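>>> Model the structure of this input:
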Amino acid sequence: MYKIDQDKITASSLNRIRQHVMTTQCGVISAERTYKKAVFKAMGVKSAQELQAIIENGNEADLAELSRYENSRAENRARTKSLEADLIKLSKDSKNKLPRLGYIKVTGRYKEEGSTQVSIENSFFVFAIDKKLNLKDILIDLGYKYEQDSVVVGQNGFFELVVTSPYLPCSGANRVGEVLLTLNKQVWGKAKDEFGINLEIFSQLRNRQFAFYEAVEQKATTLPKLESAIRLYEAPPKPVYSAYLTSWKRTRASFREDLNKYLS
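Here you go, the predicted structure:
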């Protein structure tokens, strides 16, 4: 399995990630969750969106009940270990000595649906070594398995934030595979957008950051580099995988069947 030990990460590792971003299929995925699955039944809701509404309402009794269902650090470490085991298994190719995919461990910052703050997560930057591998499908399936709101997927510098949540609707999306954002910009070293504003969601190798985000077109003649600045957005470009996504109608049963094929 091709991977880089977390204790040996250097600036060259970030350069390696950048090279994969521009030339291969790749993406970012985590297995960590703020809340256990049981929270949905306990709170009497079925979707991430409903859970988010309860949190935003700020009822003290509800928030106290929610805290009983938070995943511990140990539980999230176990989830991360399980995802890494899946990646290692998926990398193996009985017909070829070369691995099918590789990964680099990174630290991610992400605001989960149903959470009030940005969390720091152990994540994986995953890249395809076998050009015939459909890495996008694999990451979407794994994102669903580990109950992630979404995963970042793409190739050759074009990326999307794709919904993988089993608790739909999530972030306004109603199906697995739906594109939340077209991430048409990357930043390396420091996670700031084109206006110098700090990005909330990014990945990090020690003190070196990288992020995929949706760039905006500046319509005004000037724009102060302030957090409170008002920005005007152009409509996002057409999703790279739109033809594929419109046909995404995977049921839980077919998902399990497909994932088992990957992991067999």
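
>>> Quickly note the distance from Gly44 to Ala53.
Gly44 sits at a distance of 12 Å from Ala53 (criterion: Cβ to Cβ, to the nearest Å). All C-beta atoms are positioned from the backbone trio N, CA, C, and that covers glycine.

>>> Between these two, which is the more surrounded one?
In this view Gly44 and Ala53 are compared by other Cβ atoms under 10 Å, and Ala53 has more residues nearby, 12 against 8.

>>> what about the more buried one, distance to Ser47?
From Ala53 to Ser47 the distance is 9 Å (Cβ to Cβ).

>>> Identify the residues contacting Thr80.
Neighbour list for Thr80: Ser30, Ala31, Glu32, Asn122 [criterion: Cβ atoms under 8 Å, 6 or more residues apart in numbering].

>>> State the distance from it to Met43.
For Thr80, the distance to Met43 - Cβ to Cβ - is 25 Å.

>>> His20 now?
The value you get for His20 to Met43, if Cβ to Cβ is used, is 40 Å.

>>> what's the answer for Asn57, then?
Using Cβ to Cβ, one gets 11 Å for the distance from Asn57 to Met43.

>>> out of those two, which sits in the busier spot?
Using other Cβ under 10 Å as the criterion, Asn57 and Met43 rank with Met43 on top: 18 against 9.

>>> pretty sure that one is in contact with Asp62, am I right?
Yes: counting by Cβ atoms under 8 Å, Met43 does reach Asp62; the two are 7.1 Å apart.

>>> so what's in contact with those two at the same time?
Contacts common to Met43 and Asp62, judged by Cβ under 8 Å, 6+ apart, are Ile54.

>>> elements contacting the strand or helix carrying Val162?
Val162 is located in strand 158-163, with elements delineated by DSSP states H and E. The contact analysis (3 or more Cβ pairs under 8 Å, 6 or more residues apart in numbering; DSSP states H and E) places strand 158-163 against helix 135-145, strand 150-155, strand 179-183.

>>> Okay, helices next: where are they in the protein?
11-23, 38-43, 48-57, 60-67, 73-91, 135-145, 242-245, 252-263 (DSSP state H).

>>> hey, which of those is tucked in deepest?
helix 135-145 (a mean of 23; mean count of other Cβ atoms under 10 Å).

>>> now for that one, which elements pack on it?
Looks like helix 135-145 contacts strand 25-30, helix 73-91, strand 119-128, strand 150-155, strand 158-163, helix 252-263 (3+ Cβ pairs under 8 Å, 6+ apart).

>>> And the fifth one, what's buried?
Buried residues in strand 158-163, counted by 16 or more other Cβ atoms under 10 Å: Phe158, Phe159, Glu160, Leu161, Val162, Val163.

>>> can you tell me how far the fourth one sits from Ser150?
Read it as Leu161. Taken as Cβ to Cβ, the span from Leu161 to Ser150 is 5 Å.

>>> Show me whatever sits in contact with both of those two.
Joint contacts of Leu161 and Ser150 (Cβ under 8 Å, 6+ apart) are Leu180.

>>> quick one on the thing from earlier: return the member of the helices of the chain having the minimum mean pLDDT.
Of all the helices of the chain, mean pLDDT reaches its minimum on helix 242-245 (a mean of 34).

>>> Using JSON lines, lay out the helices of the chain together with distance to Pro99.
Listed next are those as JSON lines, based on distance: least, Cβ to Cβ, whole Å:
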{"stretch": "helix 11-23", "distance to Pro99": "14"}
{"stretch": "helix 38-43", "distance to Pro99": "36"}
{"stretch": "helix 48-57", "distance to Pro99": "34"}
{"stretch": "helix 60-67", "distance to Pro99": "41"}
{"stretch": "helix 73-91", "distance to Pro99": "4"}
{"stretch": "helix 135-145", "distance to Pro99": "12"}
{"stretch": "helix 242-245", "distance to Pro99": "25"}
{"stretch": "helix 252-263", "distance to Pro99": "14"}
